[in-house]
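**Q** take a look and give me a structure for this.
(one chain, ligands or ions: 1)
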Amino acid sequence: MPTHTTPASLLSVLRTQNQERLYDFYRDLRNTDDLFWDRRVGAWVATSHAVVSSTASDPRFSSIRYPDIEAVSEELRPLARVLSQQMLYSDAPDHARLRALLSRAFTPRAVAALRERIFDAVDQIITRAAPTGRLDIVADLARPLPLAVICDLLGVPEEDRSTVSSWSDPVAAAIGNSRLDADESRAASQSMAQMLDYLRGLLLHEGGPPAPHSLRALLATGIDNPDQDFEELLANCALLLIAGHETTTHFIGNAALALLEHPRAAEQLRDQPDLIPAAVEELLRYDSPVQLMLRRARHDLDLAGRSLAAGQPVLLVCGAANRDPEAFPDPDVLDFRRPGGRHVAFGYGPHFCLGAALARLEGVIVLEALLTRLPDWKLVGAAPSWQRSLNFRGLTSLEIAFTPSPDGHPGQPVPE
Ligand code: HEM
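**A** Residues are numbered from 1 along each chain as shown. Below you'll find the predicted structure:
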């Protein structure tokens, strides 16, 4: 067992009531010990950029979330079985095979083809809100937009989207909370089963022939391949559905909040819109939607001077790594001119986010629209409240007010 001083548990740090001061707590943890054994969690906790990024890409660690499915509670086991088939929780060679199957749908070029559709969706939302002078950025924009985009990609028709989202929420909640009661576990397993049933019907029977080069066309290749297990393919479609919208929802909410709290930074972007892509990266670093990544030591090994036993889990705290002063001078300052490319908000190494180009594009289009079309936006209502999750950091609502515009502000030309 580790002998060095153990700081406060990550569990207490990530409690909902501590979200306001999250980054202060991370600083304390990192300053005390940037890699420590957390007794309450039963895992190592890494908070420095160097350890987080090196461990995420270190082949001595596994991404398998449930190494012993039989040890998982009966209620959670059906969900654990599905998650274990997903690329996010797989190691080589399964991981590379699954990633290769789906990655062509997410190349920068394939994603760029979605620009106009995303732009139109954002335009509609803001045009609808413009005459009212009010918008809940989370409920009206950050939730429906990424869901619509990923559902478009998978061919989920509009009338089914809210149902699909209602299945996704309990699963995302289960992924984000290590201590689930039996009811929560059962609900998450049932929701996943319903989602898989739905996707099975969608891929096998509905929607007509897929458009060439679309995600559905890629999936059809998988279905036609006798070596490809159909259930595994479904499990990975479910991953896209969940990963494709929960995270981006939180990103849009967190980014908007940061800009509302830093009006000078928002003004800078209005004056210099060419900084918006860099701002998206900086906002991802500044308040990361995914706070934790999990890895497990494959065998006894040394990590940053500590001895880890085979099978021990390591929680890589992306949010803390992204505020590490060793990697980012003045880490608590929002600086759009910061040299980019080093944050770990999308992870690092072989599991680097498959949807990063898509999330970035959504981020750029949303920020452009909010900044140019609602220039006098301001926060209203109760103080922003954070949702309950250990893994994801995101708001439950973010209400703004702005000068109403009866003509609904015609849309700007689609940016190149
Ligand atoms: C701002 C939004 C997003 C953030 C912050 C984010 C974050 C992440 C992170 C941190 C990982 C790595 C997890 C690990 O190594 O354990 C990851 C992986 C992944 N993400 Fe995202 N993500 C976002 C949006 C998306 C979107 C839009 C999609 C899909 C359309 C997506 C699909 C995936 C997939 C499939 C993986 C697994 C990749 C693999 O295992 O090789 N993500 N994401």
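**Q** pull the CA atoms of stretch 301-314 into CSV?
**A** These are the backbone C-alpha positions of stretch 301-314, laid out as CSV (Å, rounded to 0.1, in the frame of the first residue of the first chain):
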residue,chain,number,x,y,z
LEU,A,301,4.4,-1.2,-12.5
ASP,A,302,6.0,2.2,-11.5
LEU,A,303,4.3,5.4,-12.4
ALA,A,304,5.9,8.8,-11.5
GLY,A,305,7.9,7.2,-8.7
ARG,A,306,4.9,5.3,-7.2
SER,A,307,4.4,1.5,-7.2
LEU,A,308,1.1,0.4,-8.6
ALA,A,309,-0.2,-3.1,-8.2
ALA,A,310,-1.7,-5.1,-11.2
GLY,A,311,-5.4,-4.2,-11.6
GLN,A,312,-5.3,-0.9,-9.6
PRO,A,313,-7.4,1.8,-11.2
VAL,A,314,-6.1,5.3,-11.9
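**Q** which of the residues in that stretch are buried?
**A** By 16 or more other CB atoms under 10 Å, the buried positions in stretch 301-314 come out as 303, 306, 308, 312-314. Bear in mind the C-beta positions are built from the backbone N, C-alpha and C, glycine included.
**Q** over to stretch 136-143?
**A** In stretch 136-143, counting by 16+ other CB under 10 Å, buried: 136-138, 140-143.
**Q** stretch 391-410 too?
**A** 391-395, 397-402, 405, 408-409.
**Q** which residues of the chain lie near the ligand?
**A** The chain comes close to the ligand at residues 56, 63, 87-88, 99, 150, 239-240, 243-244, 247-248, 251, 289-290, 293, 318, 345-347, 351, 353-355, 358-359, as judged by CB under 6 Å from any ligand atom.
**Q** so of the residues you listed, which ones are in helices?
**A** 56, 99, 150, 239-240, 243-244, 247-248, 251, 318, 358-359 (DSSP state H).
**Q** okay if I get those as JSON lines plus neighbour count?
**A** Output for these, formatted as JSON lines (neighbours: other CB atoms under 10 Å):
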{"residue": "A56", "neighbour count": "23"}
{"residue": "R99", "neighbour count": "19"}
{"residue": "I150", "neighbour count": "24"}
{"residue": "L239", "neighbour count": "21"}
{"residue": "L240", "neighbour count": "22"}
{"residue": "A243", "neighbour count": "22"}
{"residue": "G244", "neighbour count": "24"}
{"residue": "T247", "neighbour count": "22"}
{"residue": "T248", "neighbour count": "26"}
{"residue": "F251", "neighbour count": "27"}
{"residue": "C318", "neighbour count": "30"}
{"residue": "L358", "neighbour count": "24"}
{"residue": "A359", "neighbour count": "24"}
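**Q** of all these, the one with the weakest confidence?
**A** Looking at those by pLDDT, the weakest one is G244, with 86.
**Q** wait, doesn't that one sit right on V149?
**A** Yes - G244 lies in contact with V149 (CB atoms under 8 Å); the separation is 7.3 Å.
**Q** strands - which of the buried residues of stretch 391-410 land there?
**A** 395, 397, 399-401 (DSSP state E).
**Q** taking the chain, what residue is nearest to the ligand?
**A** G355 (2.1 Å; CB to the nearest ligand atom).
**Q** so which of the buried residues of stretch 301-314 sit within strands?
**A** 303, 306, 308, 313-314.
**Q** still on that earlier bit, shared neighbours, G244 and V149?
**A** L358 (CB atoms under 8 Å, 6 or more residues apart in numbering).
**Q** need the contact list for P273.
**A** So P273 contacts 368, 371-372 (CB under 8 Å, 6+ apart).
**Q** ChimeraX command to pick out the buried ones of those residues?
**A** The buried residues among the contacts of P273 can be selected in ChimeraX (16+ other CB under 10 Å) with this line:
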select :368,371
